[in-house]
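Peer 1: Following is a predicted model, sequence given first.
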Amino acid sequence: MVSFVISGFVFANPDTLIKDTKKLMFIQNVWITSCSCLLFLVIRDKPKIAPSAVSLQDPGRRNLALIMREVFKLRSYVLLLVVFGFVDGSFISFSSIMSVLFSHYNIVG
């Protein structure tokens, strides 16, 4: 979300596209690196409470096919998967179309 907002401020002048792209990449890298470093300080290797029942099992006993079959039996999970996929796909399609419509210049590479 932040990168979409930043890119609107960075790409103001089409004449300085390459310089602005490098500036945007630097800003995004600083942002991602700072967030990642904070997460490394907060997230522990072995939390007190297990994140799921599967994480309590022995890694040798886990069977991905059985686990995925059980997950897809959950109606709420499948509904969430479909809704999120629809929203995400719609957003990506809409933003791709809008970027082509509103771009003042094309980058051919």
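Peer 2: Everything's here; your move. Predicted model only: the values in this text are computed from it and were never measured.
Peer 1: For the rest of this, base every contact and every neighbour count on C-alpha atoms.
Peer 2: OK.
Peer 1: Tell me which helix or strand comes right after the worst-scoring helix or strand of the chain on mean pLDDT.
Peer 2: Least confident helix or strand of the chain, by mean pLDDT, DSSP states H and E, is helix 2-10 with a mean of 63. Counting by DSSP states H and E, the next helix or strand C-terminal to helix 2-10 is helix 17-42.
Peer 1: Give me the helices and strands touching the biggest helix by length in the chain, please.
Peer 2: Longest helix of the chain, by residue count under DSSP state H: helix 75-102. If contacts are counted by 3 or more C-alpha pairs under 8 Å, 6 or more residues apart in numbering; DSSP states H and E, helix 75-102 sits against no helix or strand.
Peer 1: please redo it, this time with the cut-off set to 10 Å
Peer 2: Contacts defined by 3 or more C-alpha pairs under 10 Å, 6 or more residues apart in numbering; DSSP states H and E place helix 75-102 against helix 64-73.
Peer 1: domain ranges for this protein?
Peer 2: 1-46, 63-109 (automatic domain parsing).
Peer 1: To Val54, which of these lies closest?
Peer 2: domain 63-109 (8.4 Å; C-alpha to C-alpha).
Peer 1: Please compute how far the closest one lies from its chain's middle.
Peer 2: Taking C-alpha atoms, centre = their mean, to the nearest Å, the mean C-alpha location of domain 63-109 is offset from the chain mean by 11 Å.
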